[in-house]
Every structure is written in structure tokens, then in C-alpha cells.
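Trainee: Could you look at this predicted model? Sequence included:
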Amino acid sequence: MSPSSESSATTTTTVNHEIAVVLPANLHARPAGQLARAAAEYTSAIQLEHGGRTVNPTGVLAVMGLGATAGSTVTVRAEGPDADQAVTALAEILATAE
């Protein structure tokens, strides 16, 4: 490999990140929609987990199908180059759900 091709190589960093959030309110249509819109903005693979079920949060019905209620814990996981930002954004939505 020539020196010029080595310097042009890019490194993609894959990050795994996870946060557990205790819901202040039921996970209904409004916060599910907010989660779906936010999740679609990231390139990382994002998952929500509750009660042994795992869903892709880009689908409103999938998020609502988790059946998470006030006081329950939802875990947000992401893997990819913007995983930290994705998990933080979705956790904020969950933590402030009304």
C-alpha cells in the first residue's frame, strides 16, 4: 500500500451505547411519534427494550406495542457512528414524556 493511499483511508468508529429510562407517563401516540421522528435522524441501529420485547423505534406502532406504562423502565440501545447522540436524544424524549 502506498503512503498516499494509507493517508486517505478513513476510520469508521462504531459505538455501543445504552441508557435505561423510568417513564414519567405511559408511552402513547405522541411520545411514540416523537421517538420515531428522532430515531429516523440517526444512522446508528437503535433499539428500545421493555418487558423482554425489543423494537426498532422508527415505527410508531412498534413503540406503542411495547406497552410501556408510567413507572416502567425502557432501555434505549444504539450501535453505530452516532450511537451516543441517538441514545441521548431518545432517552430525553422518554424522560420527558407526558
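Mentor: Looks like it came in fine.
Trainee: lowest-pLDDT helix or strand in the protein?
Mentor: Every helix and strand in the chain was compared by mean pLDDT, DSSP states H and E; the lowest is helix 3-8, with a mean of 44.
Trainee: next helix or strand past that one?
Mentor: Heading C-terminal from helix 3-8, the first helix or strand you meet, by DSSP states H and E, is strand 15-22.
Trainee: If you count neighbours, what's buried in that next one?
Mentor: By 16 or more other C-beta atoms under 10 Å, the buried positions in strand 15-22 come out as H17, I19, V21. Yep, even glycine has a C-beta here, placed from its N, CA and C like the rest.
Trainee: Please apply the same query to stretch 84-98.
Mentor: Q85, A86, V87, A89, L90, A91, I93, L94, A97.
Trainee: And for stretch 68-87?
Mentor: Quick answer for stretch 68-87 (16+ other C-beta under 10 Å): 68, 74-80, 82-83, 85-87.
Trainee: What ranges does this protein have for its strands?
Mentor: 15-22, 45-50, 53-55, 73-80 (DSSP state E).
Trainee: quick one: which of the ones you listed has the weakest pLDDT on average?
Mentor: Mean pLDDT is lowest for strand 15-22 among the strands of the chain, at a mean of 89.
Trainee: out of everything not next to it in sequence, what's closest to L66?
Mentor: Closest residue to L66 apart from its sequence neighbours, by C-beta to C-beta, 6 or more residues apart in numbering: H50 at 4.5 Å.
Trainee: Hmm, I typed the wrong one, I wanted P31.
Mentor: The shortest distance from P31 to any non-neighbouring residue, by C-beta to C-beta, 6+ apart, is to A97 (3.9 Å).
Trainee: Enumerate every residue touching that neighbour.
Mentor: By C-beta atoms under 8 Å, 6 or more residues apart in numbering, the residues touching A97 are L23, P24, A25, N26, L27, R30, P31.
Trainee: Counting neighbours, which of those end up buried?
Mentor: Buried among these (16+ other C-beta under 10 Å): L23, L27, P31.
Trainee: Going by distance to S44, which of these wins?
Mentor: P31 (20.0 Å; C-beta to C-beta).
Trainee: Would you agree that closest one is in contact with L94?
Mentor: Yes. If you go by C-beta atoms under 8 Å, P31 and L94 touch, sitting 7.1 Å apart.
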